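Q: here's my sequence, what's the structure:
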Amino acid sequence: MRPDVTDAIEEWERAWKDTEEAAAAAMRAAFPPLDDDPTPAYCCDVMLTYEQPGLGSGKVCIDNEGRSTIEFDGIPNDVIAQAIDEVFGIAWLDNADGPLDQCGPGTYYYDEETTGAEFEITLGEQDDGKLHMSYVRIPDAATILDALTRAADPASEDELAGAAT
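A: Residues are numbered from 1 along each chain as shown. This next block holds a predicted model:
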């Protein structure tokens, strides 16, 4: 291979690594319980995981296409409902006829035609649910994770409002 091509590929690899690190930083900032997983389990070079009493457990993978997969389980239904309604709007998901907190237990879906992202939100019978999302653009995933963080800790929202004034 010509040296200029080798140099260009190496430059691209450095830039991609920086992009992956920036994506992981965005996810950790949006959802502070996330931490680097030193041994990603499958398809992704970058995996973040968490386990926190009262907030469940889960993982975020950042794939080679610059998208994320989020699999969170054991999240309180009210936290999921508040965050998802804030980000998507009321009754945006399939099977939801109003605010999620009023829809009750069940599984709600949304497939984003433009980006190919898939969302599956489950409100559980025992007041804890699941949030599984695939092929989600990094900025969109960070927005959802930030909404979850704020829904889980309303005091942080009050602190932010106080800092802004």
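
Q: all contacts plus neighbour counts: C-alpha atoms, from now on.
A: OK.

Q: where is the longest helix in this structure?
A: Of all segments of type helix in the chain, defined using DSSP state H, the longest is helix 3-30.

Q: tell me, how many residues neighbour Ile138?
A: Other residues within reach of Ile138, judged by other C-alpha atoms under 10 Å, total 20.

Q: one more: Ala23?
A: As a burial measure, Ala23 scores 22 neighbours (other C-alpha under 10 Å).

Q: contacting residues for it?
A: Taking C-alpha atoms under 8 Å, 6 or more residues apart in numbering as the definition of contact, the neighbours of Ala23 are 62, 138.

Q: helices of this protein, residue ranges please.
A: 3-30, 77-88, 100-103, 138-152, 154-164.

Q: between these, which gets the lowest average pLDDT?
A: Among these, helix 154-164 carries the lowest mean pLDDT, a mean of 55.

Q: Thr149 against Ala30, yeah?
A: Yes - the pair Thr149 / Ala30 is scored as a contact, 7.0 Å apart, by C-alpha atoms under 8 Å.

Q: quote the end-to-end distance of stretch 91-107.
A: Using C-alpha to C-alpha, to the nearest Å, the end-to-end distance of stretch 91-107 comes to 13 Å.

Q: list of residues touching that stretch?
A: Taking contacts as C-alpha under 8 Å, 6+ apart, the residues outside stretch 91-107 that touch it are 77-78, 81-82, 84-85, 90, 108-110, 120-125.
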